[in-house]
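> Show me how the following folds:
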Amino acid sequence: QVQLVESGGGLVQAGGSLRLSCAASTRTFSSYAMGWFRQAPGKEREFVAAVNRGGDSTYYTDSVKGRFTISRDGAKNMVYLQMNSLKPEDTAIYYCAAAPTIVLVVRTPNYWGQGTQVTVSS
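Below you'll find the model as predicted:
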């Protein structure tokens with residue numbers, strides 16, 4: 001069982017930056033690949049970024065490549081999403097997710113956090 005708690009969301013102007021954090025409550029954090037998803041109003045939840053168990057392989061959806069960076073800290077059981085050059089279309093609830101492999105975390109995560117709101121004003 002993995003419990004995920006996101007933080008760091010808020011209101012930011014277009015072009016600004018935010019860093020989201022996800023705290024994972026598990027004794028086996030290194031056994032999980034981690035990911036971030038988002039859901040905008042009236043839209044389906046979509047994949048944003050993922051990092052493998054070792055932290056040395058990452059994967060991003062095309063719309064955030066070059067702007068967002070996912071990372072993990074095994075010593076703290078934390079996952080981060082650094083978001084730069086934010087755009088109004090990045091406005092959404094952002095969710096942290098976990099699964100045993102990076103393929104699974106992209107396709108069918110086993111665990112979800114409760115989400116944190118990110119709003120980007122124009």
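> I'd assumed residue 81 was in contact with residue 113.
No: in this structure residue 113 lies outside contact range of residue 81 using Cβ atoms under 8 Å: 11.7 Å. All C-beta spots, glycine's among them, are computed from the backbone N, C-alpha and C.
> where exactly do the strands run in the protein?
3-7, 10-13, 18-25, 33-39, 46-51, 58-60, 68-73, 78-83, 92-99, 111-112, 116-121 (DSSP state E).
> Relative to the shortest one, what are the paired strands and their orientations?
Read it as strand 111-112. strand 92-99 (antiparallel) (DSSP bridges).
> what's the model's confidence in the strand it pairs with, averaged?
What strand 92-99 shows for mean pLDDT is 98.
> give the contact list for residue 79.
Residue 79 makes contact with 21-22, 24, 34, 36, 51, 70-73, 96, according to Cβ atoms under 8 Å, 6 or more residues apart in numbering.
> what bridges to it?
In beta-bridge terms (that is, DSSP bridges), residue 79 pairs with residue 22, residue 72.
> gap between it and residue 65?
From residue 79 across to residue 65, the span is 18 Å (Cβ to Cβ, to the nearest Å).
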